[in-house]
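In: sequence plus the predicted model coming up.
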There are 4 protein chains.
Amino acid sequence: MRIGVLTAGGDCPGLNAVIRSVVHRAVVDHGDEVIGFEDGFKGLLEGRYRKLDINAVSGILARGGTVLGSSRLERGRLRDACANAEQLRRELGLDALIPIGGEGTLTAANMLSEAGIPVVGVPKTIDNDISATDRTFGFDTAVMVATEAIDRLKTTAESHQRVMVVEVMGRHAGWIALESGMAGGAHGICIPERPFRVDRLCDMVEERFARGKKFAVICVAEGARPAEGSMPYEKGEIDQYGHERFAGIGYRLAGELEKRLGKEARPVILGHVQRGGVPTAYDRVLATRFGWHAVEAAHRGDFGMMTSLRGTDIVMVPLADATAELNRVPQNRMEETEAVF
Amino acid sequence: MRIGVLTAGGDCPGLNAVIRSVVHRAVVDHGDEVIGFEDGFKGLLEGRYRKLDINAVSGILARGGTVLGSSRLERGRLRDACANAEQLRRELGLDALIPIGGEGTLTAANMLSEAGIPVVGVPKTIDNDISATDRTFGFDTAVMVATEAIDRLKTTAESHQRVMVVEVMGRHAGWIALESGMAGGAHGICIPERPFRVDRLCDMVEERFARGKKFAVICVAEGARPAEGSMPYEKGEIDQYGHERFAGIGYRLAGELEKRLGKEARPVILGHVQRGGVPTAYDRVLATRFGWHAVEAAHRGDFGMMTSLRGTDIVMVPLADATAELNRVPQNRMEETEAVF
Amino acid sequence: MRIGVLTAGGDCPGLNAVIRSVVHRAVVDHGDEVIGFEDGFKGLLEGRYRKLDINAVSGILARGGTVLGSSRLERGRLRDACANAEQLRRELGLDALIPIGGEGTLTAANMLSEAGIPVVGVPKTIDNDISATDRTFGFDTAVMVATEAIDRLKTTAESHQRVMVVEVMGRHAGWIALESGMAGGAHGICIPERPFRVDRLCDMVEERFARGKKFAVICVAEGARPAEGSMPYEKGEIDQYGHERFAGIGYRLAGELEKRLGKEARPVILGHVQRGGVPTAYDRVLATRFGWHAVEAAHRGDFGMMTSLRGTDIVMVPLADATAELNRVPQNRMEETEAVF
Amino acid sequence: MRIGVLTAGGDCPGLNAVIRSVVHRAVVDHGDEVIGFEDGFKGLLEGRYRKLDINAVSGILARGGTVLGSSRLERGRLRDACANAEQLRRELGLDALIPIGGEGTLTAANMLSEAGIPVVGVPKTIDNDISATDRTFGFDTAVMVATEAIDRLKTTAESHQRVMVVEVMGRHAGWIALESGMAGGAHGICIPERPFRVDRLCDMVEERFARGKKFAVICVAEGARPAEGSMPYEKGEIDQYGHERFAGIGYRLAGELEKRLGKEARPVILGHVQRGGVPTAYDRVLATRFGWHAVEAAHRGDFGMMTSLRGTDIVMVPLADATAELNRVPQNRMEETEAVF
């Protein structure tokens, strides 16, 4: 069997672990041939690939990023590819294609699948915003990085009687803010799923200072927005999901809090450190299992599907399900902590 | 409502996060009174406790160990307590008791529950050996510590063309060995669920050296045992589960490999570092959610139950289920990696 | 002997280790009394302090921040204090005062010393900008945090063929940028001591891309500034040292590089995470030694001095020396790496 | 110029950073040729080497171990090499040889130097036992790993009212035990330089329990030994320095303490995790500077010397000085903490 693998979209700790696992299972156990396309779908369309044997994946398990490179693809080229899917498949001699990516990648994967390419998808997103799987790899690492930052910020906030506002990733889903906020013991958590009220955040801070806890840490997702009328706010550009693009909410909120509270408030924008570097053990295990099961699915002819974590099992679910809707923080999860504003 | 909380059995990263969460939810949100018994069930039986308010749990979220202390309890005293359960409950004025512990603790909790104490259990075990929940807190931290050790050992093994045998926790269940072995990319994994064959381990090492990878790391659970006839082995004492007690398998295996292979083999016994210290973000979140849901269960009168992770949800399951059988590594999980011997 | 201790200025990992060490050495070994002033010099002037015994410093060795709190002091109040130094000393019954702080704190300490207070200073600064000591505690931790961030950013930069600009602390001295840049293998390092030329940075990036290394990481100190005429730049406010205040150089530089290179360039501003949290082992040892030697100096009557690391020894140097000039990166240190632009 | 580089002796975090730095400075800045000998002096004597260009050292800065491999050399072969030094040098076309290693390696390097090979040594030892330099790289990483272990063990010791005995590296010098013990706040520290008295350790533990601190952590160097008559002790084999070989002192001491105190005492032997894996920022900077200065020394013709840290400067010292005597913990350093027994 000849299996192609590619990584597309934003990078994510654990991508290399999937690639390695695919090669270990396919080449070593099944005697397959594995080729890796360079720079995501671009490499597929341009026929740029290299053979991946066991030496090619030696030492990459714990490495961040992706040894195959990644890129974004224009919709137009993708449509062309779908129109010529059978020819593409034949020319490359592909018996299976394993694209590893997020919402956009899986949508593209589904299109290619429906056009006749034998696809087994592997979901990845540090934001944890893909439904149809309990979790994706990369998320645990992002939460750990954000949590360690909150741990550090707490001590400096306390020493200086400050409010620290830490902005974490999450444009459409607040999972990183929710879980790192809970893990770090943030006193306020602001997520895209619930517009926050600045007056209530101020009350919380005042109440803390009043009872002698003279500091506060607020964890805000980059996609969180103030409730209407809650604070002066000019909207940014609107994206394809009808959501607003990145708008420096951490800076704005810290500024507003400082003004209202008359106390020092400092923003920290974690940014790209959340998506690079050594993956956690959890993410490495999940990524490795996804890779293994993707190869098994290919051998069973289970195409048009993607790997998915359900409880403790890896199961296959239709690619279409993965992209039907975003996995956003539900009401009952917000209520599990008093910190979501 | 007056809620008692206690921690029993071996310590586990995340215990303090549960205690803190119980206090936050019960005291702050519900206006309950929370008392913490000292040194596990001993404190309960001896009436040794202290009131826990929000200041008492300040700063403990990320701290290892347990601020309440822990201990083991003799069966005899437990039986006495059960016989006088109602009186005990009345004297302490307990409306609910939240014991946090592993298999032994939950068994005791179930006995007290059947004797009339209103109990809501919270499972903990770094070994992940409690069935009736997908995972317990503490396990992720143990796996991370073991994985970081394997990461470090790999580079030293490679530089010196050595075999490193790293022994991790897990007497009856091989989860820590399986997951840290997978995450660290160990070349061999030995778990209690499958007696290992030394000759096959030797073959694997020889094959690696033959193709130029002149080192190997083997991750062995403390409860792993050689297949019969596979290596000279004298059994240790047998415990209550019919399993053999700790027998220094890491040392024995390294010695045997060195003898058979004629190559340097070194044992590293990780020991107690796996169960102490700062919990991972994952464990802090899970522990915090368990604490929250335990309080909610108490308010609903959902007694004789324990908190349990099912997929992404926390649900309540009967205490009796938790202790019916150990959660051991099933066949299909072993097959997801070529490294289990 | 009655010894007062206080922490002033920006917080710094290791402050608590000094406090603990002072108490251990003074109270346990010498039988002294130690009092801790709250919120820096403010607590001293207002007589706000608490007794510190061995229990008061239990568990704080590895904790970030300062259990005594910190604050900035107006010059006016300090001058008043100097005028009434003897009275202040007598009222508080101080036989020695150990202020722990940076350049500003040590200047104040020197003034108090000259006014008659028996002072032994302990230097701290994450920036490493105090001369008269080889190193200060806090710096190693800041470098480690910055290095870990660069490690993570490298993999994401590489996967996406990006330039990452990471801004680290250091207003007047570039030590953190220099050492974390060297440790993380940054391709460009910009420090206040040498105005950087944007065209040379661009050449370096182009050269890397040309030979197939399609990413770059540039580490820039917050106080670094472009060489005159090198890039459009509007000066910020000028501070007491004749230096320019924080001006978001990371953002500006990333924007300029993106414009000139036509490649994605992303800024990451590490900010306060560099100064909070658990200190490294190095910083804990240095802080502990400083505390010990400060007490010994007090017992010898070695006042008007501060602790200082010289090679592997702790020696006492005049407070006046510490603040005579900033410790900035000298020419020969810049030349030890090709990365300083 | 044609420069050879090799790594010999036990591995040590930072070796790859030196190799990379040598290549960067020599190849990129000076236009030199650099060759790397495989498996230490063996590769030199057998002419096994590979050319090292900038791509060969890409990505190795933060990697543990050594990409060149290492080995021990028999004295006989070394003597032969010295006898034919000039021929060896000519055949390999070596203008300079940079061996990176510990006490044994530097002794060999000195012999080769005296026999006419143009040698610039670079010292490495995780034990910090080389005199003639303030510190060596590798040591800081080992101390950090040991300190993190002590941090973790403290919480588990406290929860279970136990004595934990953690054995760290250091056969002839107690630096790792001293500094990790100080950084981790160990209550007892035992080092080779001062035979410890078990009765005094017991007194310390009893005193702690008596005042309510019902746990203790003792950090013991592998080379620490009980004072004569202090505890039953059978000597192990004697090595070339007249010192006793590894004898499981951690196990023995824990056993003895448990017996005498009637309290649980548990040993943890950290072993090889201390010498593998990602180096700290400190070690990466020091290693990088050593590599840079070694190349400069070669270009100056400064042979028979090794790089050395003096305060904040790197200076060259005669190889002979490095091996004249071991750098052991002096009396005044032991006295800086009450914990050395």
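Out: Thanks, I have the structure now.

In: close to chain D, is the helix ranked longest in chain A?
Out: Assignment by DSSP state H gives helix A:139-160 as the longest helix of chain A. No: using Cβ under 8 Å from any Cβ of the partner chain, we find that helix A:139-160 stays clear of chain D, coming within 13.5 Å at best. Heads up, the C-betas are built off the backbone N, CA and C, glycines and all.

In: quick one: that helix to helix C:139-160, angle?
Out: Put simply, helix A:139-160 runs at 150 degrees to helix C:139-160, going by axes from the mean of the first three to the mean of the last three Cα atoms, to 10 degrees.

In: any idea which helix or strand comes after helix A:139-160?
Out: Per DSSP states H and E, the first helix or strand lying C-terminal to helix A:139-160 is strand A:163-168.

In: about what we covered before: other SSEs contacting the longest helix of chain A?
Out: strand A:163-168, helix A:175-184, strand A:216-221, helix A:281-300, helix B:281-300 (3 or more Cβ pairs under 8 Å, 6 or more residues apart in numbering or on different chains; DSSP states H and E).

In: now tabulate these in a markdown table and tack on distance to D:Glu264 and mean pLDDT.
Out: Shown next, in a markdown table, are the helices and strands packed on helix A:139-160 (distance: least, Cβ to Cβ, whole Å; pLDDT from 0 to 100):
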| stretch | distance to D:Glu264 | mean pLDDT |
| --- | --- | --- |
| strand A:163-168 | 41 | 96 |
| helix A:175-184 | 31 | 98 |
| strand A:216-221 | 38 | 97 |
| helix A:281-300 | 29 | 98 |
| helix B:281-300 | 25 | 98 |
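
In: nearest to A:Ser113, of these?
Out: Smallest distance to A:Ser113 across the helices and strands packed on helix A:139-160 (Cβ to Cβ): 12.2 Å, for helix A:281-300.

In: which stretches in the stretch 201-341 of chain A count as helices?
Out: For the stretch 201-341 of chain A, applying DSSP state H, counting those that start in this stretch gives helices covering A:249-261, A:281-300, A:319-322, A:331-334.

In: of all those, which one is nearest chain C?
Out: Each of the helices of the stretch 201-341 of chain A was scored for nearness to chain C using Cβ to the nearest Cβ, and the closest is helix A:249-261 (10.2 Å).

In: give the buried residues for that closest one.
Out: Neighbour-count burial for helix A:249-261 flags A:249-250, A:252-254, A:256-258, A:260-261 (criterion: 16 or more other Cβ atoms under 10 Å in any protein chain shown).

In: helix or strand right after the helix or strand harbouring A:Ile98?
Out: For A:Ile98, the element it lies in under DSSP H and E is strand A:96-101. Counting by DSSP H and E, the element after strand A:96-101 in chain order, helix or strand, is helix A:103-114.

In: next, the angle from that following helix to strand A:96-101.
Out: Angle, helix A:103-114 to strand A:96-101, by the same axes, to 10 degrees: 160 degrees.

In: tell me which other helices or strands helix A:103-114 touches.
Out: When contacts are defined as 3+ Cβ pairs under 8 Å, 6+ apart, helix A:103-114 sits against helix A:75-83, strand A:96-101, strand A:120-123, helix A:319-322.
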